[in-house]
Every structure is written in structure tokens, then in C-alpha cells.
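Trainee: Sequence below, structure please.
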Amino acid sequence: KLSINAFDYNCHLDLIKLLRQEGELVKLRRARQKMSELFPLTEEIWLDWLKDEIKMASESSEREKVYELFERAVKDYICPEIWLEYAQYSIGGIGQEGGIERVRSIFERALTAVGLHVTKGTALWEAYREFENAVLETAQPAPGSVPSPEQQQMLCSQLEKIHTLFRRQLGIPLLDMEASYAEYEEWSEDPIPETTVKNYKKALQQLEKCKPYEEALLGAETPKLAEYQAYIDFEMKAGDPARIQLIYERALAENCLVPDLWARYNQYLDRQLKVKELVLSAHDRAVRNCPWTVGLWIRYLLAMERHRVDHSIISEMFEKALNAGFIQATDYVEIWQAYLDYLRRRVDFTQDSSKELEELRSAFARAVEYLKQEVEERFSESGDPSCTIMQNWARVEARLCNNMQKARELWDNIMTKGNAKYANMWLEYYNLERAHGDTQHCRKALHRAVQCTSDYPEHVCEVLLTLERIEGTLEDWDAAVQKTENRLARVNEQRAKAAEKEAALAKLEEEKAEQRKQARAEKKASKKAKKARTGDKRKADDDDEGEWGQEEEEQPSKRHKGDGVLEEDMEVEMGLFGRSGPEKADRPANQKEKATTSRKDIPKVLHDSSKDNVTVFVSNLSYNMAEPEVKLKELFESCGEVAEIRPVFSNKGTFRGYCYVEFKEEKSALQALGLDRQAVEGRPMFVSPCVDKNKNPDFKVFRYSTTLEKHKLFISGLPFSCTKEELEDVCKAHGNVKDIRLVTNRAGKPKGLAYVEYENEAQASQAVLKMDGLTVKEHVIKVMISNPPLRKLPDKAEAGRASQFAVPRQVYGARGKGRTQLSMVPRALQRQGNPVAKAENGMVQNSPAASSAPPEEPKKMSNADFAKMLLKK
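Mentor: Below you'll find the model as predicted:
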């Protein structure tokens, strides 16, 4: 896997773990080495590596290699445990020449790095003191002997070192300071100096201020970004650079993949500390942790230039940036621009020609070609539609090199890339020509601009006339006026035609909409009348059924549909034959009686909205599901005790594909939402909260993010036969796959699309590079970072029109189109050319029209009232 993708972080970890278990020490060392070259290693990985190397190091030459490994380890992150291990390991070499001084040097560096760590710094101070106490014991004279002056001086010097360590530690706010103070009192034969006591009390006060932030970090869950930021703000106000640096390093050790945190830290180092080694080290670690972030690379290049790093090193770093795998085309434009700015600052333009100038021109040409070839091939766009790099190149040639001929060639190239229609592009070139060229070329450019500009031709015409007014002859003026007038006349004519065409299209759409509206109304009315007549016939044939229908008219029941939308189960709307239309005349009598019996026996689903919190709405189930109560109870009992399952049936007695599941406890209903999209009898089951949309009209259930997710990929072009397991096999070669979602339609059929979530942005970025254009089962797939388009909201006018002709959602199909297309308004109440009143109770109330008398408020009618009117007719 690593031979295919060397940037697979988790694969490196798996290989190291396996090699360590097998005891393959040589291969293990090589694997760790390769990983450390690509990534900064965590504290755990370094400690395991160091402990393994320490076990194998016996000779002095091998000990030196361990020292070198420790030096690499402390540079990745500031970790107290690694520094403590380093210091303790160095004590083992105390017997070598200069061993004591080497140990002290390592301890001093450790204290500088992490000695201020509030919670972990104490361990280092204590280890340092124990080492100095051990040295003191070796310097003690033998019992009964009189120390020589040299021994006495050594003893006094060693005692002073320990006193100094105590005093330094007591001046720093660390946990368990009281215990250290008590230990100093017990150890010291002399009273503690007043200055030390004063510093100790001051540190205690500072510790009390830090404790709330330390406690917040201790109780917070990963990643603790808000808590660390609050701590950083606190230390920034205090203004101690060492403490600010330490808290930033602590935050980055736990959030090494957060680019914004690296950016803020590097900005602080660049502007405040300005220490070359410290600044460049932080920038290097930032781009190694977040190589996909172009801003970090740009800051790194600037920092290297600021600290006068050799040109070859800066160029090498720029080449690394180009191979970092940015996720947007514009990122490549930005990194090229930053590098070109650096090269431009190196050129001495007082010389006609120089090596630096030729390098700059070569880099400009390479940048243009790189964006055209590499970037456009990958992203289907260059990322630089306005040709900003070529514009800057033209400015350099015109202003700094006095080479207007080259600048004109560049601008001619810019205009051929689709920019000739924009007025601002022509004016940009005109301003450059005006400043560094001549009037003849200015006039020529403006005449071309008047001819080509399509967005703001008036502006260009005005600039041309101004030029001729100031510098032109009478002939020039006449030519400019004639040209601008002709052009503006053509533009106004084109705009007028476009406006007429748009108005005609709008009128045509309105007429078509009105025709469709009338046709729907007539069709619904005719179907309604037909079903009403059929209802009369059925009523005459079967008295029992007539009584049932009468009861339905008098007591229409309401129930929920979708995400809790109320709907009305109306006999008038559904007719006596449900969705299937009138039954065949030759239908057997026993089937007719069976259907009638089923309708009579089916209880109406009444929903108690007070139980919405313990109820979920289940939809998209198969209409052919046998005994849905039993099937769904088995499925939902895993979430908690089920109080009731209420499936919804049609008037024919067939299952409608949705139901309500009521639980005993609210937590069970919340857990049941996790079953959303689970396959049931070959279809994805939709599980959503039970919400009354009359009270919450804006309520929507969409469980997936609709914003840019840099750690998630969108894959299209997949074969419909591709399974989740097969796709995972392809994707996991490029990183740790957390989740895969194959997009399906309502029937559960695949659409050839998928979303793949990786552990972090780096893995997703590498996966895009490796997988885009890959062939899967003879299908070429397209892979990109997940950035779904905004979900379209219904137009207000359309929404209003829909509400005017609203019918109960029971009669709507899967895509929102009416199954029966019945008008809810009797033909007798319909009037043409009349504004439609607001829908009441799912019915359209039309006010009378074409009457001399003032219109009266129509009486609100119930569903049963309309049904009675139809039956009377």
C-alpha cells in the first residue's frame, strides 16, 4: 500500500506495529525512518522508537545515534515526557568525558522548553535537583576525613547549584508548589531568603489565575480548541513570550491538523519573537502537518526570505509546495504569485540584464504554462480566469524593464483568453499604456475596447471621448463620436430586443401557467363529479356501505403524513375505489364484499400531537408489506419498548407505506432515528421526527451536511453494481476510511454516486490526487472534495400557488405529484379570471367575480359540506 501511496499515515502506523510485534528490528527502524521523513511523529511513536533504540544501544557509538534520535524527537513537538526521557538517558553517560556538563546542558534546554508547563513542569525540576543531589553525594569527603580547600569549594559550589534550582522553581507557577516550598525549607540549613519568599507568593497568585484554564482543559473533550484559545488569550494579555510560546505548543500537540492554529502561532513568532531558528522550525512543522493549506506555505516562503535563507533552499521549498496536493485551483495561483513576488524582489532593475531577471521571466513563463497544463487538467480550470499572473508580468515588463512591446504581447494574449468582453480589463491595459506607452496605442486600445466590450460599453466610450477631448485632433474626435454613437445604438437595440424577448417569454409562461391551472381545475372537477355519481350508485347498491360513507362524511378524521403533516382522510376525495379508479363491472361479488368489509374494519389513525416527542414517522415502506405492525415491531424493539405501531391504510384496505411508531420513552424515539435509511424489504426506510408542519412549516429533515467538507470526497460515475465493500477496498488504500455512503433513490436503487469520509483533510486531499480518473469496472470515476450546491428552496410565488391548490398529502405520490388530480372545489364555486383567496382547511376559497354587487366573504365550508353538495347534485 505504501508503494502506491506513501502519504497513507495509518498504513505507516500499521506497518510499524506489525514489525514491532514480529521483532523485525532492522525493518522496523527503516519503517520509522521513512515515516518521520514525511510526517512529524507523535509523542507515543517517538517514545516507543526511543525505548527500542535504547535497548539495543550498548557501545558509545550507538549511544551517540540515540542522542541524535532524541534531538530529532524534541523538534517535532514540545513534549515534557520526551525531554524527561532524554535527560534521564543522558545521566547514563555521566561516566564519559564531559558527561556531567552534557547532562546539565540537556536539563537546562528541557527547562527552557517545558519548565513552565503548569501541570508537567514539576517533574523536570525535581529530576534536575535529584541529579545535582547525586553529584553532591559523590563530592562529599570520606567520613572522618578533613576536606581539602578544593573539596570544600566544590561542595559549596554544588550546594549553591541546588539552592539556585529551588529558587528558580519557586518563582514559576507550577502545580504542587507548596510541596516544593516545604521541601526547600526542610533541605536548607539557612532561612529562605526574603526575595525567594516574595517570588514564591507572586507565583502562587499567578497559579491561581491559571488554574481555571488548566481545569477547563482537564475537563474538556478533544480537540479542546476553545479552551486552548481562551488560555492563549489570557497569556497574550500577560505578555510573557515564553509562556505564550508554551501554551501554543501545548495546543498544537493536541491539534496538529488545525491550519488556523498554526497560522496564528507563526504570525505571533514572525511579529514578536523573530528568532530565526524558532520561527523557521515552527513554519516547517506547520507545512509538514497541514501540507494542503496554501497559506502556511506562503508564510513559510516569506519567513525564509525575511531571515535571508539561501535562494536554493527557498526554491526547493517552493517545489515541495507545488507537490503538496492543494485542493483548489486558486491555491496554485496564490503559491505561484508568492514565489514570483520573491523572485521579483531579488532583481536589480537598474541593470539592463541579469541572471535574476532572466530567472524571473522564466518563472513567469513556467507559471503560465503550469496553470494551463497541470492545474487545468486536474481541476478543469486554471484558477486564474483574469490572468492576474500575466497582468503582473506585463506590469513588471512595462514599469521596471521599460519593455512595452513585451507588455503589449502579454496583454494581447490575455484578451484572447475570453477577457476582451470586460470593460475593466481594457481599462487596466489602457492605464498601463497611458503610464508607460504612447497616445497612439492608447487610442488603438480604446477603439478595440468600444468594439468588443459587452458588459459596460458606456464606460469605455466615455474614456475614449475624454482622451480625444484632451489630446485628439478634430478628425480623431469625429471618428470617436461616430464610433461610440454607432456602438451605443447597437447596444441599446440589442438590449431592447432582449427585454422584449424576455417580456414575451414571461407572458408566454404566464399564459401557459394559467392554461395549466384551468385545465387542472376542470379535470379535477370532472373526476370529482364522476366519483360522486359512482358514489351514489354504490350507495344504492349497498345500504351498509352507504351508512359507512355517511359516517365518514360527518366525521372526517385527520392523521399525519410525512414529517408529521396533517392530512384529511376524505371519502369524497378518495372515492369508493381508492387510488385504483372505478372497479370492473365483472368484479366477483365476494371480492367486493371483502373490500367493503376491510374498509369497515380499518380503524382511522388518530394521532395525538402531545406524544410527538415519543413518536417517529416511518415512510417509504413497501405497499406489499404483510402485517406491517409485526414486521416493524421486531425492527424497532431494539431501540426501546414500543407502545403502539399505527400503520396507515387506504380506503381499500391496502397498506399506504407509512406509519407511526410510538415508544414509552423519549430516548427510545431519539435512538430510533438512527435506523433512518435502513433497508427493509429492499427499500430504504425513512425515519424522521414526528412534527406538525402546520405549526412548524420550515421544518426539514436532512441529515447530511450541505457545506464544504475537506475531509470528505464526492465520487461520481460509479457503476450501479459497485457495492460499499468494493468501494471501500479502493478508497482505503489512500487513508483511513471512516464512512462510505452510496447514494440511492427512494426505491433503494444506486445512482452511481457516493460520499467517502476520511479521518482528516490530508488523506482526503491525497485520495483526490490518486483516485480522480480511476477506472472501476470499466467506468471512469470523478473524485472531488465534497462541496454540495446549496439546496434550492421553492420559489415564493410557486409556493403560494401550491398552497392555493393544496390537497391532503395522502393523495401525493413519491415526487409530490397528485395521484388523483381531484380539484377540492366544486365546479359550481369556480370562477374564471378571479384572484384566488387563501386556502382554508386544504380547500380553495374563490370569491365571486363578474358581479356588479360588491363581493361577499364566502362562508367557510368543511370537507363534509362539500361532499354533501356533490351528492345532492
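Trainee: so where do the helices sit in the stretch 501-650 of the chain?
Mentor: Shown for the stretch 501-650 of the chain, the helices assigned by DSSP state H, counting those that start in this stretch span residues 543-554, 571-574, 589-601, 628-636.
Trainee: quick one: average pLDDT of the first one?
Mentor: Per-residue pLDDT over helix 543-554 has a mean of 38.
Trainee: and if you look at the second one?
Mentor: When pLDDT is averaged along helix 571-574, the result is 34.
Trainee: Can you pull up the most central residue in this structure?
Mentor: residue 709 (2.6 Å; CA atoms, centre = their mean).
Trainee: Skipping adjacent residues, who's closest to that residue in space?
Mentor: Spatial nearest neighbour of residue 709, chain neighbours left out: residue 786 (4.7 Å); criterion: CB to CB, 6 or more residues apart in numbering. From N, CA and C alone the C-beta is placed, and that goes for glycine too.
Trainee: Please enumerate the strands of the protein.
Mentor: 557-561, 565-569, 615-619, 642-649, 655-663, 678-680, 683-689, 709-716, 737-744, 750-758, 775-776, 779-780, 782-786 (DSSP state E).
Trainee: Give me the residue ranges of this protein where confidence is low.
Mentor: 533-607, 693-706, 746-747, 789-873 (pLDDT under 70).
Trainee: domain assignment for it?
Mentor: Split into domains by the TED database, the chain comes to 116-195, 274-493, 612-689, 712-785.
Trainee: would CSV of the ones you listed with distance to residue 83 and mean neighbour count be doable?
Mentor: As requested, those are exported to CSV (distance: least, CB to CB, whole Å; neighbours: other CB atoms under 10 Å):
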stretch, distance to residue 83, mean neighbour count
domain 116-195, 7, 15
domain 274-493, 16, 17
domain 612-689, 45, 17
domain 712-785, 27, 17
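Trainee: Surely residue 786 touches residue 739?
Mentor: No: when contacts are counted by CB atoms under 8 Å, residue 786 is not listed as touching residue 739 (11.7 Å).
Trainee: list the residues that contact both of those two?
Mentor: Shared contacts of residue 786 and residue 739, defined by CB atoms under 8 Å, 6 or more residues apart in numbering, are found at residue 755.
Trainee: just to revisit the earlier point, let me have the strands of the chain in CSV, adding distance to residue 508 as columns.
Mentor: Shown next, in CSV, are these (distance: least, CB to CB, whole Å):
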stretch, distance to residue 508
strand 557-561, 36
strand 565-569, 34
strand 615-619, 38
strand 642-649, 42
strand 655-663, 39
strand 678-680, 46
strand 683-689, 39
strand 709-716, 35
strand 737-744, 36
strand 750-758, 34
strand 775-776, 46
strand 779-780, 41
strand 782-786, 38
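Trainee: Among those, which comes closest to residue 49?
Mentor: strand 750-758 (25.9 Å; CB to CB).
Trainee: what's in contact with the closest one?
Mentor: By CB under 8 Å, 6+ apart, the list of residues contacting strand 750-758 reads 704, 709, 711-720, 722, 727, 731, 734-745, 764, 767, 779, 786.
Trainee: mind redoing it with 7 Å?
Mentor: Contact with strand 750-758 is made by 711-720, 727, 731, 735-745, 764, 767, 786, as judged by CB atoms under 7 Å, 6 or more residues apart in numbering.
Trainee: can you check stretch 401-417 too?
Mentor: 349, 387, 390, 391, 393, 394, 397, 398, 429, 432, 436, 437.
Trainee: of all the residues you listed, which comes closest to residue 464?
Mentor: residue 429 (13.5 Å).
Trainee: quick one on the thing from earlier: neighbours around the residue nearest to residue 709, how many?
Mentor: 20 (other CB atoms under 10 Å).
Trainee: In this structure it contacts residue 710, no?
Mentor: No: applying CB atoms under 7 Å as the test, residue 786 and residue 710 come out as separate, 8.2 Å apart.
Trainee: give me the number of residues near residue 21?
Mentor: So residue 21, with other CB under 10 Å, has 9 neighbours.
Trainee: list the contacts for the closest residue to residue 67 other than its chain neighbours?
Mentor: Nearest non-adjacent residue to residue 67, counting by CB to CB, 6+ apart: residue 90, 7.6 Å away. Contact partners of residue 90, counting by CB under 7 Å, 6+ apart, are 102, 103, 106.
Trainee: for those, which one is nearest residue 208?
Mentor: Of these, the one sitting nearest to residue 208 (CB to CB) turns out to be residue 106, at 32.1 Å.
Trainee: tell me which residues in stretch 248-258 are buried?
Mentor: 248, 249, 250, 251, 252, 255, 256, 257, 258 (16 or more other CB atoms under 10 Å).
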